[in-house]
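Participant: no sequence on this one, just coordinates:
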């Protein structure tokens with residue numbers, strides 16, 4: 001009987017350690033990323049576009065989910081395969097919230113193919129990649 005109790009205690013300790021380890025891994029994710037010409041007062045996209053004229057603000061809107069406090073979100077903007085801007089922001093304690101990144105008018109100086117990758121914390125792969133064209 002004593003042996004069974006020790007085995008049960010060991011199994012419970014293992015279960016607690018397993019659950020604790022799985023809770024520490026971030027389940028944060030990004031969904032529904034779209035390029036848009038503007039966002040409303042709730043940071044929701046007003047439209048979904050894939051082409052922008054030169055010299056206008058360019059927005060990417062998405063949804064952040066299951067983010068623990070102190071999550072960092074990084075936007076990496078590309079012209080073709082070349083990085084031309086990187087911006088990181090904190091989630092300010094919000095777990096589920098709209099997420100918006102933008103490039104001010106004038107940062108894109110020539111027509112071409114562009115994209116934006118969005119990363120959570122220090123992940124090696126982007127959580128989302130959104131493509132657009134500037135004409």
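Facilitator: Now that the structure is in, tell me what you want to look at. Here the structure is a predicted model, which is why all the values come from computation and not from measurement.
Participant: for residue 55, which residues are in contact?
Facilitator: Contact partners of residue 55, counting by CB atoms under 8 Å, 6 or more residues apart in numbering, are 105-106, 108. C-beta coordinates here come from the backbone N, C-alpha and C atoms, glycine included.
Participant: show me which of these is closest to residue 59.
Facilitator: Of all the contacts of residue 55, residue 59 sits closest to residue 105, with 11.3 Å by CB to CB.
Participant: contacts for the helix or strand hosting residue 116, please.
Facilitator: Assigned by DSSP states H and E, residue 116 belongs to strand 112-120. In this structure, residues lying in contact with strand 112-120 by CB under 8 Å, 6+ apart are 26, 28-30, 33, 35, 58, 60, 62, 67, 71-80, 99, 101, 108, 126-134.
Participant: next step: the residues you listed restricted to strands.
Facilitator: Residues of the contacts of strand 112-120 located in strands (DSSP state E): 29-30, 33, 35, 58, 60, 62, 72-79, 99, 101, 128-134.
Participant: can you tell me which of these are buried?
Facilitator: Using 16 or more other CB atoms under 10 Å as the burial test, those include 30, 33, 35, 58, 60, 62, 73-79, 99, 101, 128, 130, 132, 134 as buried.
Participant: relative to residue 116, how far out is residue 87?
Facilitator: Using CB to CB, to the nearest Å, we find residue 87 at a distance of 10 Å from residue 116.
Participant: who has more neighbours out of the two?
Facilitator: Neighbour tally, residue 87 and residue 116, criterion other CB atoms under 10 Å: the higher count belongs to residue 116, 25 against 13.
Participant: great, nothing more from me.
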